[in-house]
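Engineer: quick one: sequence plus predicted model below, questions after.
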Amino acid sequence: MTEKSKVEMTFWDHLTELIKRLRRILYFLIISTIVAMIFPVTLNFSGISPENPFYPTITTLVIQNFEQRFLPEGASLLPMSPFAVLEVYMFVSLILGLVISSPFVSYELYKFLNPALHKPEKKMIFQFVASFAGLFLLGFVLGYFLVVPTTVRTLFGFSSMLNLIPYYDFTEFYSMIGLSLLVCSMLFTFPIYIVLLVKAGILRTGQLTKYRKFLYGGVLILISIVDPDPTIITESILFLPIVILTEASILMGKRIEKARAKENSSS
């Protein structure tokens, strides 16, 4: 296929390509989730018996880690339904599947926009995948070490202040932690999309700087909508790093536009 035919794709061509990429992402996500569910973290199976046929997996290790790290001392988790443990196990496995598959997701996103990119920019796929995966993991680490512990301590502090018995719903506890970590990870990849859209010529940095206050207002609203934390703790912690990353992406976009203008003027 020639460069010209790639650029002149119809709406249905784009839609078909998008569906193909999303299907591949879904397949890889399913595989990654299953790996987290069944892959053993130890080769010692001596504790397995007919009464207890289960062995430690990546998911069970993460669930135990979350409880040890985030559950306040003296607090207890109660499964409120017979399916609560299975629901949490599936949910945490899905979150781990998203983390494992993040480099593949970034690769498919890049390939979807590939026809709109100029020839030199198509060679930057490694930088894009590495940047996406790096920012995704950076958001996850920030959520793990700062956002989630701060949120949990604050929310559970209200229970102590009111002298309530520290019993919490098992499913809601892990849902809050998992969604908070996922939100942190996904929001940190936001600047990557800006750079990629500027590369594709779909977005201009002049538009971003002109409507900067609306951009950050929208980001703040988006965090408030997708974040399970009912307070403003997560928004306050995440907003400043996202602003810094977005400003850095705008500067990168300006460099891309200058290089493109220089290339066009010389040709």
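Structural biologist: Received it, and whenever you're ready, just let me know what you need. The structure presented is a predicted model; accordingly, all values stated were derived computationally and were not measured.
Engineer: please pull out the lowest mean pLDDT helix or strand from this structure.
Structural biologist: helix 3-7 (a mean of 46; mean pLDDT, DSSP states H and E).
Engineer: would you mind listing the buried residues in the very next helix or strand once past it?
Structural biologist: Toward the C-terminus, helix 3-7 is succeeded by helix 11-38 as the next helix or strand (DSSP states H and E). Buried positions in helix 11-38, judged by neighbour count with 16 or more other C-beta atoms under 10 Å: 17, 21, 25, 28-29, 32-33, 35-37. (Each C-beta comes from the backbone N, C-alpha and C, glycine too.)
Engineer: could you report the pLDDT at residue 28?
Structural biologist: Reported pLDDT at residue 28 in the predicted model: 93.
Engineer: just to revisit the earlier point, CSV please, covering the buried residues of helix 11-38 and showing distance to residue 73.
Structural biologist: Supplementary listing: the buried residues of helix 11-38 in CSV, determined by distance: C-beta to C-beta, whole Å:
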residue, distance to residue 73
17, 52
21, 46
25, 40
28, 39
29, 36
32, 34
33, 32
35, 33
36, 28
37, 30
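Engineer: now, which of these sits nearest residue 233?
Structural biologist: Out of the buried residues of helix 11-38, the one with the shortest distance to residue 233 is residue 36. That distance is 28.0 Å, counting by C-beta to C-beta.
Engineer: so which residue is dead centre in the chain?
Structural biologist: Ranked by distance to the mean C-alpha position of the chain (C-alpha atoms, centre = their mean), the top residue is residue 186 at 2.9 Å.
Engineer: tell me which element it falls in.
Structural biologist: Secondary structure from DSSP H and E places residue 186 in helix 170-188.
Engineer: list the helices and strands that helix packs on?
Structural biologist: Helices and strands in packing contact with helix 170-188 are listed as helix 58-70, strand 76-78, helix 84-113, helix 125-142, helix 148-161, helix 212-226, helix 233-266; criterion 3 or more C-beta pairs under 8 Å, 6 or more residues apart in numbering; DSSP states H and E.
Engineer: please identify the most buried of these.
Structural biologist: Comparing the helices and strands packed on helix 170-188 by mean neighbour count (mean count of other C-beta atoms under 10 Å), helix 84-113 comes out on top with a mean of 19.
Engineer: next, the angle from it to helix 125-142.
Structural biologist: On the basis of axes from the mean of the first three to the mean of the last three C-alpha atoms, to 10 degrees, helix 84-113 is oriented at 150 degrees to helix 125-142.
Engineer: show me what helix 84-113 is packed against.
Structural biologist: The helices and strands touching helix 84-113, judged by 3+ C-beta pairs under 8 Å, 6+ apart, are helix 11-38, helix 58-70, helix 125-142, helix 170-188, helix 190-199.
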